[in-house]
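Asks: Following is a predicted model, sequence given first.
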Amino acid sequence: MLYVCSLSRLSDTVEKTGAKSLVTLINAEMEVPTPPGISPGRHLNLSFNDIPAPVQGLIPPGEAHVRQLLEFVRAWDQASPMVIHCWAGISRSTAGAYVTACALNPEADEYETASTLRRQSPSATPNPRIVAMADKILDRDGRMIDAIRGIGRGANAFEGAPFIMPI
């Protein structure tokens, strides 16, 4: 199972789910210690700002970040849950969950996967830069980008509710 949450719900989500793998997608200045129950080798921490395009003084998500995410999730044995989180559980983490679902199911329909994301998280607004880079790396010919555009911006929320992203 793949779970998605915000930083404030991280410890509780890891504890309740028994997750053994964790992906942190958060600003560089935010230190996120590895929660109990997760081996440091199963905690991928990618530091970048939640921006769709470069902005002076900020770190945009880059292709290297997406490649590291893909390598990490492809190495996940799925025997125990994985949690993907960001600050609010709305943009970076939902993009990470969408990318993960597409990467682990190469034959799955991108539009149906995006619709599933929307059903699971009404506030999901995946970072378009992460999705676009993954679309290119995964050779999806723009379908991932179009699918996320198709579900539109999520409902306004200060923080997304934790949810399961089916894989």
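Replies: Good, I have the coordinates.
Asks: CA only for contacts and neighbour counts going forward, please
Replies: Noted.
Asks: Local confidence estimate at residue 5?
Replies: We have a pLDDT of 98 for residue 5.
Asks: Strand partners (parallel or antiparallel) of the helix or strand hosting it?
Replies: Secondary structure assignment for residue 5, by DSSP states H and E: strand 2-6. Sheet pairing for strand 2-6, assigned by DSSP bridges, gives strand 82-86 (parallel), strand 163-165 (antiparallel).
Asks: Could you measure from residue 148 over to residue 30?
Replies: As for residue 148, its distance to residue 30 is 27 Å (criterion: Cα to Cα, to the nearest Å).
Asks: whoops, I mixed them up, residue 5
Replies: 16 Å.
Asks: picking that back up, can you list the buried residues in the next helix or strand after the strand holding residue 5?
Replies: Scanning forward in sequence from strand 2-6 by DSSP H and E, the next helix or strand is helix 10-17. Judged by neighbour count (16 or more other Cα atoms under 10 Å), helix 10-17 contains these buried residues: 10, 13, 14.
Asks: just stretch 29-49 next, same as before
Replies: Applying 16+ other Cα under 10 Å to stretch 29-49 flags 34, 35, 38, 42, 43, 44, 45, 46, 47, 48, 49 as buried.
Asks: Go through these and say which is closest to residue 20.
Replies: residue 38 (4.9 Å; Cα to Cα).
Asks: Count the neighbours of the residue lying closest to the closest one once chain neighbours are set aside for me.
Replies: Leaving out its chain neighbours, the residue that sits closest to residue 38 by Cα to Cα, 6 or more residues apart in numbering is residue 20, at 4.9 Å. Neighbours of residue 20 under the rule other Cα atoms under 10 Å: 22.
Asks: Do you know the pLDDT at the residue of the chain most remote from its centre?
Replies: Going by Cα atoms, centre = their mean, the residue of the chain most distant from its centre is residue 56, 24.0 Å out. The per-residue pLDDT reported for residue 56 equals 95.
Asks: what about residue 49, distance to residue 107?
Replies: On the measure of Cα to Cα, residue 49 and residue 107 end up 31 Å apart.
Asks: I should have written residue 18 there, sorry.
Replies: 29 Å.
Asks: Need the contact partners of stretch 150-164.
Replies: By Cα atoms under 8 Å, 6 or more residues apart in numbering, the list of residues contacting stretch 150-164 from outside reads 1-6, 9, 13, 88-90, 111, 114-115, 118, 120-125.
Asks: that older thread, now for the buried residues of stretch 29-49, which pair is the farthest apart?
Replies: 38 and 49 (24.2 Å).
Asks: Relative to residue 61, how far out is residue 154?
Replies: Distance from residue 154 to residue 61, by Cα to Cα: 20 Å.
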